[in-house]
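A.B. asks: Here is my input; please provide its structure:
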Amino acid sequence: MTLRSIAAQSSVPIECIVIEQSHAREVEQALPAWVRYLHQPVLETDAYNRAKTFNAGALAARGRILILHDNDMLVPERYGAEIVAHADAGWEAIDLKRFIFYLRQEDTARVLQDERLRLDERSEVVIQNLHGGSVAITRHAYDAIGGLDESFVGWGGEDVEFWERANTRRATRFGYLPIVHLWHAPQAEKVQGNDAPAVRRYNDLAKVPAEERIARLKDRGEQR
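C.D. replies: Numbers count the residues shown, from 1 in each chain. Modelled structure (predicted):
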């Protein structure tokens, strides 16, 4: 359903890359032909590293603008066009989300059956100005701030840390577009809250100025 919302974008050409970080290729055959697939093989015991998937996708992408998008979010059809318009106006880091409508499990099932919902009645939670989930950045700015920090392992923290570094560029401050978040069981680390390893990692990095973090990441990339 997320891919269908991406395919429905109007007035702008798009490229969609799905990165699967898993022990085995699980979703490749289920993807439509217009989607590019990248597989990141890991051990079955490895924790998910979201930063690593986005860095791989950014490296493979052909466009001048990157949209880092989670697979549980549905976007409006003018989403891509609005991002391009902001990039053309000189914005480098672009977050246009305003309201995130979190659907309940039963209503997510209905959406997956192509039923229409009134979001004001069917949302379990509505959150404003969420960090991450779906943000855009020009390729030049992404490289300039060092991409995502792959030291974040497991759930939490990497979105906020990335946006802090992105704010060293010309970044939007207020969003205005709605996004629908599909229900899924929470990640194991999310239940841990502030005790999650990745959240603790963020709390440590937050004490370091963003410019210094950028320099560290770029040095790390050059060493590789």
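
A.B. asks: how about the strands in the chain?
C.D. replies: Ranges of strands in the chain, per DSSP state E, are 17-22, 36-41, 65-69, 73-74, 93-94, 97-103, 123-128, 134-138, 177-181.

A.B. asks: Using JSON lines, lay out those together with mean neighbour count and distance to Ala109.
C.D. replies: (C-beta placed from N, C-alpha, C; glycine too.) Formatted as JSON lines, the strands of the chain follow (neighbours: other CB atoms under 10 Å; distance: least, CB to CB, whole Å):
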{"stretch": "strand 17-22", "mean neighbour count": "17", "distance to Ala109": "22"}
{"stretch": "strand 36-41", "mean neighbour count": "14", "distance to Ala109": "26"}
{"stretch": "strand 65-69", "mean neighbour count": "21", "distance to Ala109": "22"}
{"stretch": "strand 73-74", "mean neighbour count": "20", "distance to Ala109": "14"}
{"stretch": "strand 93-94", "mean neighbour count": "24", "distance to Ala109": "32"}
{"stretch": "strand 97-103", "mean neighbour count": "19", "distance to Ala109": "9"}
{"stretch": "strand 123-128", "mean neighbour count": "13", "distance to Ala109": "13"}
{"stretch": "strand 134-138", "mean neighbour count": "24", "distance to Ala109": "22"}
{"stretch": "strand 177-181", "mean neighbour count": "21", "distance to Ala109": "14"}
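
A.B. asks: Ok, which of those comes nearest Ala188?
C.D. replies: With CB to CB, the closest approach to Ala188 among these belongs to strand 17-22: 15.6 Å.

A.B. asks: Quick check: which ranges of the protein have low pLDDT?
C.D. replies: 119-123, 223-224 (pLDDT under 70).

A.B. asks: Look through it and tell me its longest helix.
C.D. replies: Ranked by residue count under DSSP state H, the longest helix found in the chain is helix 210-223.

A.B. asks: Name the residues that touch that one?
C.D. replies: Ala144, Ile145, Gly146, Gly147, Asp149, Glu161, Glu164, Arg165, Asn167, Thr168, Leu205 (CB atoms under 8 Å, 6 or more residues apart in numbering).

A.B. asks: Thr2 reaches Leu182, doesn't it?
C.D. replies: Yes. If you go by CB atoms under 8 Å, Thr2 and Leu182 touch, sitting 7.4 Å apart.

A.B. asks: list the residues that contact both of these two?
C.D. replies: Asp72, Met73, Leu74.

A.B. asks: The last one and Asp219: what is the separation?
C.D. replies: Per CB to CB, to the nearest Å, Leu74 is found 38 Å from Asp219.

A.B. asks: before we move on, what about Gln113?
C.D. replies: 50 Å.

A.B. asks: The two: who's more crowded?
C.D. replies: Between Gln113 and Asp219, Asp219 has the larger neighbour count (other CB atoms under 10 Å), namely 10 against 7.

A.B. asks: Show me the beta-bridge partners of Val18.
C.D. replies: As for beta bridges, Val18 partners with Tyr37 under DSSP bridges.

A.B. asks: didn't it look like it was pressed against Gln40?
C.D. replies: No. If you go by CB under 8 Å, Val18 and Gln40 don't touch, sitting 11.1 Å apart.

A.B. asks: related to what we said a few turns ago, now the longest helix of the chain: buried residues?
C.D. replies: Across helix 210-223, burial judged by 16 or more other CB atoms under 10 Å covers Ala210, Arg213, Ile214, Leu217.
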